[in-house]
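A.B. asks: Here's my sequence, what's the structure:
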Amino acid sequence: MEVPQETLDRLSTWFLQSLSLDASLRRAAESSLLSAATTPGFPLALLKLSSIPSVDLQIRLASALHFKNLLKSRWAPTSDNPLPDSDKALIKSLLLPLLLQSPPLIQSQLSEALAIASSHDFPSSWPTLLPDIISSLGTSLTSGDYTSVNSLLSAANSLFLKFRHSFDTQTLRLDLKYCLDLFAKPLLETFLNTSNLTTAASNPSVLKPLLECQRLCSEIFHSLNSIELPEFFEDHMREWMEKFRFYLTNTFAPQVETDGTADALRASICENLQLYMEKNEEEFKDYLEGFATAVWGLLMNATKSPSRDQLAVTAIKFLTTVSTSVHHALFGSPEVLGQICNSVVFPNLRLRDDDEELFENNYVEYIRRDSEGSDTDTLRRTACELLKGLAVNYREQVTGLVSAQVQSMLAAFNTNPAQNWKEKDAAIYLVVALSPRPGATIGYLVDVESFFTSVIVPELQGQDPNAVPILKAGALKFFTVFREQIPKSAVLSLLPGVIRFLGSESNVVHSYAATCIEKLLLVKDKGALPGPTARYGAADLDPFVPQMLTGLFNALQMPDSQENPYVMKCIMRVLGVANLSGEVATGCITKLVSVLTMVCENPKNPLFNHYLFEALAAVIRRAGERDASVIPIFEKSLFPELEKILVKDISEFWSYAFQIFTLLIDLRAPPLSDGYMALFQVILDPSSWKRSGSVPALVRLLQAFLRKMPNELNREGRLGQVLGIFSQLISVNSTEELGFFVLNTVVENLSYEIISPYVGNIWGALFGRLQSRRVYKFVSPLVIFMSLFLIKYGPAVLVDSINSIQQGLFLMILQQFWIPYSTKISGTVEQKLITVALTRLICESPLLLDPAASENWGKLVDGIVQLLTNSDQAGADLEDDAADVPETIEYTGSFAKLHSAGKKDDDPLKEIRDPKQFFVSSVAGLSAQFPGRFGPVIQQFVSPANQTALVQLCGTYNSAIV
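C.D. replies: Here you go, the predicted structure:
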């Protein structure tokens, strides 16, 4: 692999600069790397740089990471800019040898790169990969080179992971068979031979790589057994299980036990036992009791191994699966239940020293692990899941044990609160963790109401927000989890206490206080109105808003909470619900802009920044809709920062800035200021549309301009520029719908006299695209556009303008697309639009009223009735004003929509309240002009079901077709 030295030097410099703390230097380097990414040979240069031992390890690691990400975005043949086949072939020939030669950090990235490439090419387009691994594995085993053995097994493991996570398809099963045919036997031989070596080895330096080899074999075992039990593994199950049990029941040299190597292997084995219990219980049953005893013994034998927690989690999960299976009687006796609860479950509920350290030093990670719905398997959570599993079949006994344990913990706390506060924390955690999930048939294992009153309320009413912060956090979490069960009056009486905790010095406590308030504002009740209604509205919130906002913004000033996503999400939610006076709103804008100024320097927290822009949009909308006079004040604060985002090319915030501009334009009265006009010229420039992630936001902004200043389009060729943007959008699959958004807005806001010079080009672009794009995603918005065009300019203009492209084209479009697709379109506004347009077409168009067009007329009536029937079945579209926003978000090229900046679809037919009545009365009026003409047409061309529906509609609106 020959790469010029100057290329490698240049890449090294860029990667070094990309790690700089200087934001401008870092951005310049990232921009250079982005520009170089499309140059020929770039991925090979990255691979070369990552493999040179003399290069700084950080640069090699950055290069390997960049290489992996490049493969992720460009290896797939369907990607926007796929790698050339020649580059792929060279990469495939080099990747495995370089992976084997690399240090662990680089090897990890190259292994992931191998997995990415193999997910597309292996085995069909990379038939040499697995044979090469097997051949090298045999050579390394013969020479006893377990460093290479483990590297090869790691590479094989990355290949087989897809069998764990991919959807089960015939193609996947064929790939699995190929892998089993080649690798199942070498895997077993490697596992058994290495097991013999581990029995004889005593030197820790020799034993560690052997146990790591066994762990990798165990991981591969899991992958190859994930879909179903393969015949080879069923035939050799005893050999695997005997060795698995050996590793669970034997100990090794103290150095190996304490560094976690042995426990990492045992944890992997427990995952395999869990897999067999879930998928192969019948075949596994003969081994179950022995493994249950072995796993239980592991849990009773505490060590300080760094892998012990992971082992305990996987071991307890295995026991949980057994407890809910047909073999639950293994745990059924009172003695065994008591031992499990007292020796396994309850000890693992208590907070440990590393939990306290995490609470104090890394609040984000602590909350992530502790959060409701988290996918992180902590010892505490897993122990409680075991308790729930036991309760499935032994509810009465478990309830007694839990109640006694809770009372014992609380009694210990009351005896010495300062010394035994961890007992109360464990009791709170236990009650919260055992709360049933929504829809669960199992009820509460403790009296929640009594526990809340006696244990939680005193903590929430405590006047010192910094006293025993972990207990305060637990009480706030309890309040949050049971928010729907706690009466509204009790919540409002406790809300000042929750607000007080926003001032806690503990990041976890003020984060949990913010989360509690935010979640309370999402609680809904079923009422008389269609759909659920918010339990806490503006009237409930307004008395608390000043203190609440003060506490929230003060929390953002605390150490390590300057970019606290939980606090910002709460600010966003409060601003979206409260009634904001102009003074309060202006103060909020000032503070939020100050935060925006800070994060613009280094946008590193995508979730916080998303909530920040949501909060800005919420205050602008809520305050601007109440009092439009505040909009100029908001503009004065916001414009400098929004312009800085565009001028300094802070790409992470481009789509957000455009959405905020859109909201401001929507809420202000015309004419627009010079600043907006300058922005309008910017978005008419084709270069502004090159970033795909910003295109949806740019379309919304362009629509706002078109609605606010339609007359400006007839000057300086602007309409031609707008339609040029439409043509570009419509030509790409991913943006064609956005092109229709632009076109619809043009038609809605401009007279036909203004757009008539361009109509031929519009139809030409649309129908040209239709020739190669006859799919619902394109035809559906085309039908909607034609409907809107007809309603705005009349049937005659529509028919004549289309036929001017080609004589008879309109009827062809009508027959092949409009009639078949009109019944498939959903959405209340869209269905109404199509119904009214087609009704006007059959009642006003001479082309359709010609007796020769009776078949088309009848099919249109059939389609309209079917569409109206569909709308009945679909029901009304309901939009949730408190729709949630993402819990996770990353800086990618994709568009992140701001809920608070969204604009509900306008109804271009507000004057027609009931499309059914409009249709029936229009057709009845038409038939009255031509008695006896349309009845036979309906009988011939309208389906019997739709004829019946039409009769019912006529009866409903007291009309008749004569």
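A.B. asks: Could I get the buried residue list for the longest helix seen in the chain?
C.D. replies: For the chain, the longest helix by residue count, based on DSSP state H, is helix 170-200. For helix 170-200, burial by neighbour count (16 or more other CB atoms under 10 Å) applies to 175-176, 179-180, 183-184, 186-188, 190-191, 194-195, 197-198. In this view, the C-beta of every residue, glycine as well, is placed from N, C-alpha and C.
A.B. asks: Low-confidence stretches in the stretch 801-950 of the chain?
C.D. replies: Scanning the stretch 801-950 of the chain with the threshold set as pLDDT under 70 gives 872-895, 903-905.
A.B. asks: So which residues of it form helices?
C.D. replies: Here the stretch 801-950 of the chain has its helices, by DSSP state H, counting those that start in this stretch, at 809-813, 819-822, 828-844, 846-849, 854-874, 915-929, 934-941, 944-956.
A.B. asks: Show me what the third one packs onto, helices and strands only.
C.D. replies: The one in question is helix 828-844. With contacts taken as 3 or more CB pairs under 8 Å, 6 or more residues apart in numbering; DSSP states H and E, helix 828-844 sits against helix 776-793, helix 795-803, helix 846-849, helix 854-874, helix 915-929.
A.B. asks: If we use 10 Å, what do you get?
C.D. replies: Secondary-structure packing of helix 828-844 (3 or more CB pairs under 10 Å, 6 or more residues apart in numbering; DSSP states H and E): helix 776-793, helix 795-803, helix 819-822, helix 846-849, helix 854-874, helix 915-929.
A.B. asks: which residues touch stretch 803-821?
C.D. replies: 759-760, 763-764, 766-768, 770, 774, 776, 778-780, 782-784, 786-787, 795, 798-802, 822, 834, 837-838, 841, 845, 847-848, 853, 855-856, 859-860, 862-864 (CB atoms under 10 Å, 6 or more residues apart in numbering).
A.B. asks: if we go to 6 Å?
C.D. replies: Residues external to stretch 803-821 that are found in contact with it (CB atoms under 6 Å, 6 or more residues apart in numbering): 763, 779, 783, 799, 802, 859, 863.
A.B. asks: for those residues, which one is nearest residue 343?
C.D. replies: Each of the contacts of stretch 803-821 was checked against residue 343 using CB to CB; the closest is residue 779, at 65.9 Å.
A.B. asks: quick one: pLDDT of that closest one?
C.D. replies: Residue 779 is assigned 94 on the pLDDT scale.
A.B. asks: Tell me how far it lies from residue 689.
C.D. replies: From residue 779 across to residue 689, the span is 25 Å (CB to CB, to the nearest Å).
A.B. asks: returning to what we had before: can you pick the most crowded of the contacts of stretch 803-821?
C.D. replies: residue 783 (25 neighbours; other CB atoms under 10 Å).
A.B. asks: Quick check: that residue vs residue 869, distance?
C.D. replies: 18 Å.
A.B. asks: which one of the helices of the stretch 801-950 of the chain is the most hemmed in?
C.D. replies: When these are scored by mean count of other CB atoms under 10 Å, the highest mean neighbour count falls to helix 828-844 (a mean of 21).
A.B. asks: could the helices and strands packed on helix 828-844 be laid out in CSV, adding distance to residue 433?
C.D. replies: As requested, the helices and strands packed on helix 828-844 are exported to CSV (distance: least, CB to CB, whole Å):
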stretch, distance to residue 433
helix 776-793, 45
helix 795-803, 63
helix 819-822, 52
helix 846-849, 67
helix 854-874, 40
helix 915-929, 52
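A.B. asks: out of the ones you listed, nearest to residue 552?
C.D. replies: Closest to residue 552 of those is helix 854-874 (CB to CB; 40.2 Å).
A.B. asks: what angle sits between the closest one and helix 915-929?
C.D. replies: Computed by axes from the mean of the first three to the mean of the last three CA atoms, to 10 degrees, the angle separating helix 854-874 from helix 915-929 equals 150 degrees.
A.B. asks: Give the other helices and strands that helix 854-874 contacts.
C.D. replies: The helices and strands touching helix 854-874, judged by 3 or more CB pairs under 6 Å, 6 or more residues apart in numbering; DSSP states H and E, are helix 819-822, helix 828-844, helix 934-941, helix 944-956.
A.B. asks: would you turn those helices into JSON lines with distance to residue 336?
C.D. replies: Compiled in JSON lines, the helices and strands packed on helix 854-874 are given as follows (distance: least, CB to CB, whole Å):
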{"stretch": "helix 819-822", "distance to residue 336": "65"}
{"stretch": "helix 828-844", "distance to residue 336": "60"}
{"stretch": "helix 934-941", "distance to residue 336": "75"}
{"stretch": "helix 944-956", "distance to residue 336": "63"}
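A.B. asks: Show me what the mean pLDDT comes to for stretch 749-756.
C.D. replies: Here stretch 749-756 scores 93 as its mean pLDDT.
A.B. asks: Can you tell me how far residue 321 is from residue 301?
C.D. replies: The span separating residue 321 from residue 301 equals 21 Å under the rule CB to CB.
A.B. asks: Those two: which has the busier surroundings?
C.D. replies: The neighbour count for residue 321 versus residue 301, taken as other CB under 10 Å, is higher for residue 321 (20 against 9).
A.B. asks: what's the closest non-adjacent residue to that one?
C.D. replies: Counting by CB to CB, 6 or more residues apart in numbering, residue 277 is the residue found nearest to residue 321 once chain neighbours are left out, at 4.6 Å.
A.B. asks: Leaving out chain neighbours, which residue sits closest to residue 228?
C.D. replies: Nearest one to residue 228, counting by CB to CB, 6+ apart, is residue 279 at 7.1 Å.
A.B. asks: same question, residue 255
C.D. replies: Residue 255's closest residue in space is residue 204 (CB to CB, 6+ apart), at 4.2 Å.
A.B. asks: can you pull the pLDDT of the one you found?
C.D. replies: pLDDT, read off for residue 204, is 90.
A.B. asks: Just to check, it is in contact with residue 258?
C.D. replies: No - counting by CB atoms under 6 Å, residue 204 does not reach residue 258; the two are 9.9 Å apart.
A.B. asks: so can I have a markdown table of the contacts of stretch 803-821 showing distance to residue 62?
C.D. replies: Below are the contacts of stretch 803-821 laid out as a markdown table (distance: CB to CB, whole Å):
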| residue | distance to residue 62 |
| --- | --- |
| 763 | 52 |
| 779 | 47 |
| 783 | 50 |
| 799 | 62 |
| 802 | 57 |
| 859 | 63 |
| 863 | 59 |
